[in-house]
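S.K.: requesting a structural model of the entry that follows:
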Amino acid sequence: MSAEPQAHILPDGRRLHLNHGPIDLIIEVTGGDATACYATATARFQTLLSGLVAELPVLRRPVDAGTRVTDPVARRMVQAVRPYEDTFVTPMAAVAGAVADEILAAVLAEHHADKIYVNNGGDVAFHLETGHQVTAEGPAGPIHITAGDSARGLATSGWRGRSHSLGIADAVTVAATTAAAADVAATLIANAVDLPGHPAIRRVPARALSPDSDLGDRLVTTDVGALDAAEIVAALARGQALANSLCQRGLIDQAVLGLAGRTVHATHTQGAIPNV
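M.R.: Below is the predicted model of the structure:
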């Protein structure tokens with residue numbers, strides 16, 4: 001874990017790697033002045049983590065009418081969870097996506113390019129001009145996004161990922177208007193893929209794994225044993241129902257959910273797509 005922000009061009013000569021503490025970004029620019037774009041991204045990155053750290057006490061609590069933050073990334077995080085005030089979720093569910101959104105916005109404020117992506121450990125903010133597209137080959141299956149789609153963010157969540165999950169999804173990948181919005185939705189949909197009380201699922205309090213976790217004593221999944229086909233379908237159906245609802249509300253563009261080799265989808269135009 002680096003003490004100071006680090007920046008260097010990767011060996012392929014095309015992509016920029018930015019690292020500071022838990023933040024690890026890969027950025028690529030196509031059809032623009034990559035050198036200038038990378039200089040802007042690096043400059044914004046210098047104070048990004050310190051700004052977030054100052055807001056952590058607020059960001060680790062659910063938002064309410066009195067929630068106030070001043071840091072730009074923190075504001076993105078709070079905005080991303082506002083639509084879910086009837087569900088337990090803190091702005092920390094949006095942190096990776098919000099960081100990617102902030103770096104992308106800093107670059108676009110000063111430069112033009114045909115295509116830019118900022119990948120923060122699998123949560124991605126991107127810019128597309130006409131004729132360009134993004135394909136996310138996530139563990140739950142691919143998502144294709146063109147310049148004509150509204151989505152400009154992708155995120156993946158699941159119990160096997162780097163963050164704790166209340167559910168049992170191997171992976172849920174979501175496309176939404178921003179990476180922060182996708183990040184929150186992927187977290188909540190992955191939580192919803194579940195079989196409460198099932199004896200093959202092991203859970204421990206989040207605090208036991210991470211003492212400062214925003215999840216506190218809520219039980220997070222540490223292992224998923226053998227499930228039969230009907231149980232897999234039932235667990236995925238719980239998550240798919242939430243994903244369809246979020247599509248209908250316009251909070252996400254599409255989602256693909258995976259558990260034990262089975263995949264289901266939701267899109268804002270088609271609703272549920274049959275199991276794969």
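
S.K.: for Ala169, which non-adjacent residue is spatially closest?
M.R.: Computed as C-beta to C-beta, 6 or more residues apart in numbering, the closest residue to Ala169 that is not its neighbour in sequence is Val193, at 3.7 Å. In short, each C-beta sits where N, CA and C put it, glycine included.

S.K.: from Ala106, how far off is that neighbour?
M.R.: Per C-beta to C-beta, to the nearest Å, Val193 is found 35 Å from Ala106.

S.K.: between these two, point out the one with more neighbours.
M.R.: Val193 (31 against 20; other C-beta atoms under 10 Å).

S.K.: tell me if I'm right that the more buried one and Ala260 touch.
M.R.: No. Val193 lies out of contact with Ala260 (C-beta atoms under 8 Å); the separation is 10.6 Å.

S.K.: any idea how far Asp183 is from the residue nearest to Ala169?
M.R.: 16 Å.

S.K.: hey, where'd the helices end up in this structure?
M.R.: Counting by DSSP state H, the chain has helices at residues 34-45, 48-53, 56-59, 72-81, 95-108, 179-192, 206-209, 229-248.

S.K.: any buried residues in the first one, and which?
M.R.: Spelled out, that is helix 34-45. With burial defined by 16 or more other C-beta atoms under 10 Å, the residues of helix 34-45 counted as buried are 34, 37-42, 44-45.

S.K.: can you name every helix or strand that that helix contacts?
M.R.: Judged by 3 or more C-beta pairs under 8 Å, 6 or more residues apart in numbering; DSSP states H and E, helix 34-45 is in contact with strand 6-9, strand 15-20, strand 23-30, helix 95-108.

S.K.: ok, now the longest one?
M.R.: Taking 3+ C-beta pairs under 8 Å, 6+ apart as contact, the helices and strands that helix 229-248 lies on are strand 171-176, helix 179-192, strand 254-259, strand 262-267, strand 271-273.

S.K.: list the neighbours of that helix that are in contact with it.
M.R.: Contact with helix 229-248 is made by 167-169, 172, 174, 185, 188-190, 192-195, 198, 227, 252-255, 257, 259-260, 262, 264-268, 271-272, 275, as judged by C-beta atoms under 8 Å, 6 or more residues apart in numbering.

S.K.: now a PyMOL select for only the buried ones of these.
M.R.: Burial among the contacts of helix 229-248 is assessed by 16+ other C-beta under 10 Å; the matching PyMOL selection reads:
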select buried, resi 167+168+169+172+174+185+188+189+190+192+193+194+195+198+227+252+253+254+255+257+259+260+262+264+265+266+267+268
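
S.K.: pretty sure Arg152 is in contact with Thr178, am I right?
M.R.: Yes. Here Arg152 reaches Thr178: they are 6.3 Å apart, a contact under C-beta under 8 Å.

S.K.: which residues sit in contact with the residue lying closest to Gln133 once chain neighbours are set aside?
M.R.: Using C-beta to C-beta, 6+ apart and skipping residues adjacent in sequence, the residue nearest Gln133 is Thr146, 4.5 Å away. Contacts for Thr146 (C-beta under 8 Å, 6+ apart) come out as 128, 132-133.

S.K.: mind checking which of these are buried?
M.R.: Judged by 16+ other C-beta under 10 Å, buried ones among those: 128, 132.

S.K.: so which of the contacts of Thr146 are in strands?
M.R.: Using DSSP state E, the members of these that fall within strands are 128, 133.

S.K.: Thr87: which of the contacts of Thr146 is nearest?
M.R.: The shortest approach to Thr87 among these belongs to Leu128, at 30.6 Å (C-beta to C-beta).

S.K.: centre-most residue in this structure?
M.R.: By C-alpha atoms, centre = their mean, the chain has its centre lying nearest to Asp183, at 2.6 Å.

S.K.: these two touch, right, it and Val95?
M.R.: Yes. Contact criterion C-beta under 8 Å: Asp183 and Val95 qualify, at 7.5 Å.

S.K.: quick revisit: nearest to Pro83, of the helices and strands packed on helix 229-248?
M.R.: helix 179-192 (8.3 Å).

S.K.: thanks a lot, catch you later.
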